[in-house]
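Novice: Model the structure of this input:
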Amino acid sequence: MEKNFDITKRDNYTLISVNAKRLDTSIAPSFKSELVMIAGNGERNMVIDLSKTEYCDSSGLSSILVANRLCRNAKGNFVLTGLQDAVERLISISQLDSVLTITNSVDEADAEIIMTESEQ
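Specialist: Residues are numbered from 1 along each chain as shown. Modelled structure (predicted):
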């Protein structure tokens, strides 16, 4: 069985790549607990790559907001990247595009975190 997400520790952050087409109630709870564990291990910066995710529901959005809050509480950075149209629409309808840092690619997310880290 393919894992729903891959976790890669990078120099300045942890990259969480969601492999599921749908970030919904079937994987959001385990996704959320994984994010809490990453933060619990002392990681302040997270990048979530949703480039393979075509659909996200409220439970998926909730897990994204949990990651954002965990990073903010740790005085770190959270970046969302690789949004497909339907997911991007949901985030903008929910007016979360003004709250979340969103980039087009992991490389841009990487640059964003490095820039923000150097300002702190």
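Novice: how about the helices in the protein?
Specialist: Taking DSSP state H, the helices of the chain run over residues 28-40, 58-73, 85-93, 106-119.
Novice: Out of those helices, the one nearest Thr14 is which?
Specialist: Using Cβ to Cβ as the measure, helix 28-40 is the one of these that comes nearest Thr14, at 5.3 Å. From N, CA and C alone the C-beta is placed, and that goes for glycine too.
Novice: which outside residues touch that closest one?
Specialist: 4-5, 7, 14, 16, 18, 23, 46, 57, 59-60, 62-63, 66-67, 70-71, 74 (Cβ atoms under 8 Å, 6 or more residues apart in numbering).
Novice: what's the offset of that helix from the middle of its chain?
Specialist: 11 Å (Cα atoms, centre = their mean, to the nearest Å).
Novice: quick check: mean pLDDT across it?
Specialist: Average pLDDT, helix 28-40: 96.
Novice: Name the residues of that helix that are buried.
Specialist: For helix 28-40, the neighbour count (16 or more other Cβ atoms under 10 Å) marks 28, 31-32, 34-35, 38-39 as buried.
Novice: Kindly present these as TSV, with separate columns for distance to Phe78.
Specialist: Shown next, in TSV, are the buried residues of helix 28-40 (distance: Cβ to Cβ, whole Å):
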residue	distance to Phe78
Ala28	17
Phe31	14
Lys32	14
Glu34	14
Leu35	10
Ile38	11
Ala39	10
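Novice: follow-up on the earlier one: from the contacts of helix 28-40, list just the buried residues.
Specialist: Neighbour-count burial (16+ other Cβ under 10 Å) applied to those gives 4-5, 14, 16, 18, 23, 46, 59-60, 63, 66-67, 70-71.
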